[in-house]
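Novice: Compute the structure for the input listed below.
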Amino acid sequence: MDLSDIQTLYDYNCWANRRLLEIIAGLPEEQFTKDLHSSHGGIHGTLVHALGAEETWLRRWKGESPTSFPTTTDIPGAAALLQRWNLNERNQLEFIQSLKSDSDIRQEIAYKDLKGNSYTQPLYQTMQQVFNHATYHRGQVVTMLRQLGVKPVNTDIIAFFRQRNG
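Specialist: Numbering: from 1, shown residues only. The predicted structure follows:
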C-alpha cells in the first residue's frame with residue numbers, strides 16, 4: 001500500500017458516495033427515514049452511521065479519540081446529511097493532501113475506540129478500514145433502495161476506473 005493507492009481509494013470512495021447521495025437527495029423524506037428493519041434501521045440511520053464512522057476516523061487520524069457517533073437526531077434529514085457529508089469530504093481531502101510520502105501513511109497512530117480500548121496501527125490500515133466500511137454500508141443502502149422500488153446506481157470500483165480511464 002502506497003500513498004497513490006490511498007489517494008485512489010479516497011477518490012473512489014468520494015465518487016461512489018456522491019453517486020449514491022444523488023439518489024438519496026431525490027427521495028421523499030418518508031422513504032429516507034422509513035425503518036426498513038435493516039442496519040441502523042433504514043437509509044437515514046445507515047448513512048448517519050457511515051458518515052459518523054468517516055468523521056470519527058478522520059478525527060483519529062488527527063490525534064483525537066471521539067467517544068460517540070452522531071445520531072439521526074443530530075442529523076435530522078437528507079439535507080442536513082448531505083451538507084455534513086460534503087463538509088467531511090472536504091476535511092478528508094485536506095488531510096489526504098497533507099500526506100506527502102509513503103512513509104506518512106505507514107506512521108503508527110494511537111487512538112481509542114468508542115469503548116475506550118487503546119490501539120496503535122499504521123495510518124494506511126485505518127484508512128483502508130474507512131473505505132471498506134463505506135463500501136459495506138453503500139451496499140446495504142442499495143438493497144434498501146431496491147426494497148423501496150428505487151433504482152440505485154452502480155458504485156463498483158471497476159465502474160469508477162472505467163469512468164476515470166474512459
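
Novice: Confirm for me that V48 is in contact with L81.
Specialist: Yes. With contact defined as C-beta atoms under 8 Å, V48 counts as touching L81 (6.6 Å). The C-beta positions use only the backbone N, C-alpha and C, and glycine is treated the same way.

Novice: can you list residues touching both of these two?
Specialist: Shared contacts of V48 and L81, defined by C-beta atoms under 8 Å, 6 or more residues apart in numbering, comprise I75.

Novice: can you pull the pLDDT of S39?
Specialist: pLDDT recorded at S39 is 83.

Novice: got the contact list for it?
Specialist: Contacts for S39 (C-beta under 8 Å, 6+ apart) come out as 45-46, 49, 137, 140.

Novice: Out of those, the closest to R164 would be?
Specialist: Proximity of the contacts of S39 to R164 (C-beta to C-beta) peaks at H137, which lies at 22.6 Å.

Novice: buried stuff in the longest helix along the chain?
Specialist: Secondary structure of the chain read by DSSP state H shows that its longest helix is helix 123-147. For helix 123-147, the neighbour count (16 or more other C-beta atoms under 10 Å) marks 123-124, 126-128, 130-131, 133-135, 137-138, 140-142, 144-145 as buried.

Novice: cool, stretch 68-79 as well?
Specialist: Neighbour counts over stretch 68-79 (16+ other C-beta under 10 Å) mark 69-70, 72, 75, 78 as buried.

Novice: Repeat that for stretch 96-111.
Specialist: 96, 99, 105, 109, 111.

Novice: Could you give the separation of it from the chain centroid?
Specialist: Counting by C-alpha atoms, centre = their mean, to the nearest Å, stretch 96-111 is centred 19 Å from the centre of its parent chain.

Novice: So what touches that stretch?
Specialist: Applying C-beta under 8 Å, 6+ apart, the set of residues contacting stretch 96-111 is 1-3, 6-7, 10, 60-61, 63-65, 118-124, 126-127.

Novice: now stretch 133-142
Specialist: 13, 16-17, 20, 24, 38-39, 43, 46-47, 49-50, 53-54, 152, 155.
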